[in-house]
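Peer 1: The following comprises the amino acid sequence and a computationally predicted model.
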Amino acid sequence: MAELGELCLWAALPLLVLAAVASIGGGWTGRGDLAAMGGRAARSAAAVLFISLAGLAYALVTVQLKYSYVAAFSGFQEPRAWRLAALWSGPAAGALVFTFLIAGAAALSYRLGRSRQGSARTGSLAVLALMGLATVLTRAVPFAQLDAPAQVGSGLPLAVKDVVWQVEVLAVYLAIACGAFSFAGVVGEQLAETRRGQQTERAAITLSAGLLTLAILAATWRAYAASGRLLNVTGLSYVAVHVPAWLLAVASLHAPGGRAVPGWAARWSRILSVAFFPAVMGAGAAVLVGMGEVPPATLWAGGFAVGVVSGALSGMTRRERGVEWLRRVPGFGAVAFQGGLLSLGFAGMVAVWARVKGPAWASITWPVVMLGLAAAAAWSTSRPAGSWKRVWPLATVLAVASAVGVYALSGWRLPELAITVGLAVAIFVGFAADLVRLRAARRSWGEASSEHRPNERAVARARAGRRWSSALGHLGVAILVVGLSAETLAEVRTVPLDPGDSITTRGGLASEVRVTYLGLSHYQVGELDKRVASFTLSGLGTAPELVTAALTYNLATRRQFRTPALKRGVFSDVIVGITGRTGSEEGIMCSVASRPLASLVWLGGLLLLAAIFARGRAIS
Amino acid sequence: MSAILAMVLGALGVTYAVWPSLRGAGVPRLADEPPEVVSAKAEADAIVLRDWSVAAGELRVEPAAGRPRSPAGESET
């Protein structure tokens, strides 16, 4: 079965070549027979690649130790589920999964419609799958065999054997398939020199935005469990990998859609769709190479840079035919709007990079943010009508006033809290404005329905859907900001403890949690020197719970890791960690923290996810 | 054995792909709407959008002579 899987890779090669040549030829000439040949070849290629994937899965589950990938990522000591998870958890097999998913997207593209652009899109996807297959055959080589079979398999690394990491990586795989679809849609348009409604490409970008939001939530959850802090340097290093692609996808969702868009908006949307794919590919590669630890920044930053360059190149083609005279953006118009959004995105990137790579970058962030806000405000105030004309200035004034007020109340001591409160106020103003606009759209929808004007009804319905999603998104982000900023209210106490000692901390609104230290165990596995402290947590009316916190020293890299025990609660989380050892035999320095309102971060993230999917439903 | 099976699978895939052409089944040409139809539909949509924005009080239309040139931009981004 595994040999068949390996040989099926070679069988897929001519099928993908046929799919690429015939589909692009069909799209170019408009010949239906060529398009059908290409689409059917793409289907066959996807089926053959599936057999190949099944072959590798069989080798991993039955632990055939003659394959180097199996020896590195599977083993008899692992349960079957984790042996199977090795199919998508390592870089070599990951390349095969990418290739299969893109070939599957080509088959789906053929099924979705018989147009010239659709056929050229199928062909472009087949070319991408062909590039993936070439990588699998020459570089990744998941079926590479060892000279002599290994004695034991290593199994998956500990950091990867985590359901949350698995969710993150699977979300990224699907986002890559969606990104390839929208990228190929744009290339197909260019190849066939035609333009169709881009509903499917927009739906693909929406789905990827949702999937990447899920990946960011999973990465944040993991980082919180690993360090007990939300978005400190370690946390940001986990999350930053997804940020560029997420920003591009969300910016693409905010570009005007549908048929009646001006030329600049069509070009803007195309640039973002093209830039998204390399960015999300870079993120996927970084996550897989990182293997559950901090992903290498060069990979995801490189993917983003390639995305920006290719997006810019795709924007330099001939001018779009649009309906400028009907939906003209007044004043500074398109330049200010796109420039403002781009600067805000760039500022976000710089802020993340500054946290990960050092303070030299931090000074760039605020000027860029101000520039972006000024450009967006110039655009909104130069419009002759529309409620954003009033909302933007109002939100800015209220945000600045409340930030200065909070800063003054804190005795000019808490600038971070002041900025956070200002941000949250601005976002809440956006939420309130969305609710008002949603009401107007709903009323108009009702009127169009009662007066039987189907075209207007569809437009009003889509508009109401967009505003509903926008309101939900603003609310989600505001809640998220409040949850993140509650970190400043955390109470941390560091005390020396000997076995049997107890310490009490707040565990909720009125409840208290007693932490009792039981003892310290010492393990040495390979290069890792690990000390694990056991505690019981007992609260009011709940049974005592045993938890462990660890202090690990890697002798090879000379790095120390502190893994705290985390007890999640609705109002407050309790985090118990070891910060060091005292002089006595089992004595430790223990830090006990009560971190309020962390659950708001997850709630806000879920609302944001719901908002993105609600926006997807409103694609007109 | 595996090599033969893989070759058979590949051959089957190619046959499946070229079968409609071999059989000579008439596959219609790929139809795309002509550019003028696409433009007409886009303009119809834009008119609906503009009328909606005016009715909802989000857009102020100043009377202009000649061609129906809209003075104001979109209300949604």
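Peer 2: Right, received. Where do you want to start? Residues are numbered from 1 along each chain as shown, chains lettered A, B, ... in the order given.

Peer 1: any low-confidence regions in chain B?
Peer 2: Of all residues in chain B, those with pLDDT under 70 make up the ranges B:25-26, B:32-35, B:53, B:56-77.

Peer 1: which residues in it form strands?
Peer 2: Secondary structure of chain B (DSSP state E): no strands located.

Peer 1: hey, where'd the helices end up in it?
Peer 2: Taking DSSP state H, the helices of chain B run over residues B:2-23, B:35-55.

Peer 1: Export these as JSON lines, with columns for mean neighbour count and distance to chain A.
Peer 2: (Glycine included, C-beta is placed from N, CA and C.) Shown next, in JSON lines, are those (neighbours: other CB atoms under 10 Å in any protein chain shown; distance: least, CB to the nearest CB, whole Å):
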{"stretch": "helix B:2-23", "mean neighbour count": "16", "distance to chain A": "3"}
{"stretch": "helix B:35-55", "mean neighbour count": "17", "distance to chain A": "4"}
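
Peer 1: So residue A:573 lies in a strand, does it not?
Peer 2: Yes - counting by DSSP: H, G, I helix; E, B strand; the rest coil, residue A:573 is found in a strand.

Peer 1: My read is that residue A:214 contacts residue A:169, right?
Peer 2: No - applying CB atoms under 8 Å as the test, residue A:214 and residue A:169 come out as separate, 11.2 Å apart.

Peer 1: Sketch out the strands for chain A, chain order is fine.
Peer 2: Under the criterion DSSP E, chain A contains strands at A:491-497, A:502-506, A:512-525, A:528-539, A:545-554, A:559-563, A:565-567, A:572-581, A:588-596.

Peer 1: ok, of these, where does mean pLDDT dip lowest?
Peer 2: Mean pLDDT values for those show the minimum at strand A:559-563, a mean of 80.

Peer 1: and it, which residues are buried?
Peer 2: Neighbour-count burial for strand A:559-563, with 16 or more other CB atoms under 10 Å in any protein chain shown as criterion, is recorded at A:562, A:563.

Peer 1: Tell me where the stretch 51-200 of chain A has helices.
Peer 2: Per DSSP state H, counting those that start in this stretch, the stretch 51-200 of chain A carries helices over the ranges A:68-73, A:80-89, A:91-112, A:116-135, A:163-192, A:199-227.

Peer 1: Need the ones you listed in JSON lines (columns: mean pLDDT).
Peer 2: What follows is those, written out as JSON lines (pLDDT from 0 to 100):
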{"stretch": "helix A:68-73", "mean pLDDT": "92"}
{"stretch": "helix A:80-89", "mean pLDDT": "93"}
{"stretch": "helix A:91-112", "mean pLDDT": "94"}
{"stretch": "helix A:116-135", "mean pLDDT": "93"}
{"stretch": "helix A:163-192", "mean pLDDT": "92"}
{"stretch": "helix A:199-227", "mean pLDDT": "89"}
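
Peer 1: most packed of those?
Peer 2: helix A:116-135 (a mean of 26; mean count of other CB atoms under 10 Å in any protein chain shown).

Peer 1: Grab the CA positions of it and hand them over as CSV.
Peer 2: Written as CSV, here are the backbone C-alpha positions of helix A:116-135 (Å, rounded to 0.1, in the frame of the first residue of the first chain):
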residue,chain,number,x,y,z
ARG,A,116,-13.5,30.8,-19.7
GLN,A,117,-12.3,32.4,-16.5
GLY,A,118,-13.4,29.3,-14.5
SER,A,119,-11.4,27.0,-16.9
ALA,A,120,-8.3,29.2,-16.7
ARG,A,121,-8.7,29.2,-12.9
THR,A,122,-8.7,25.3,-12.9
GLY,A,123,-5.6,25.4,-15.1
SER,A,124,-3.8,27.9,-12.7
LEU,A,125,-4.7,25.7,-9.7
ALA,A,126,-3.3,22.7,-11.6
VAL,A,127,0.0,24.6,-12.2
LEU,A,128,0.2,25.4,-8.5
ALA,A,129,-0.5,21.7,-7.7
LEU,A,130,2.2,20.8,-10.2
MET,A,131,4.7,23.0,-8.4
GLY,A,132,3.7,21.4,-5.1
LEU,A,133,4.2,18.0,-6.6
ALA,A,134,7.6,18.9,-7.9
THR,A,135,8.6,20.0,-4.4
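
Peer 1: Say whether chain B is contacted by that helix.
Peer 2: Yes - Helix A:116-135 is in contact with chain B by CB under 8 Å from any CB of the partner chain, via A:116, A:117, A:118, A:119.

Peer 1: does the third one really touch residue A:108, like I thought?
Peer 2: No - with contacts defined as CB under 8 Å, residue A:118 does not count as touching residue A:108, sitting 10.7 Å away.

Peer 1: what sits against the closest residue to residue A:592 other than its chain neighbours?
Peer 2: Excluding the flanking residues, the one nearest residue A:592 by CB to CB, 6 or more residues apart in numbering or on different chains is residue A:505, at 5.0 Å. Applying CB atoms under 8 Å, 6 or more residues apart in numbering or on different chains to residue A:505 gives the contacts A:491, A:493, A:512, A:513, A:515, A:574, A:592, A:593, A:594.

Peer 1: From these, list just the buried residues.
Peer 2: Buried among these (16+ other CB under 10 Å): A:513, A:515, A:574, A:592, A:593, A:594.
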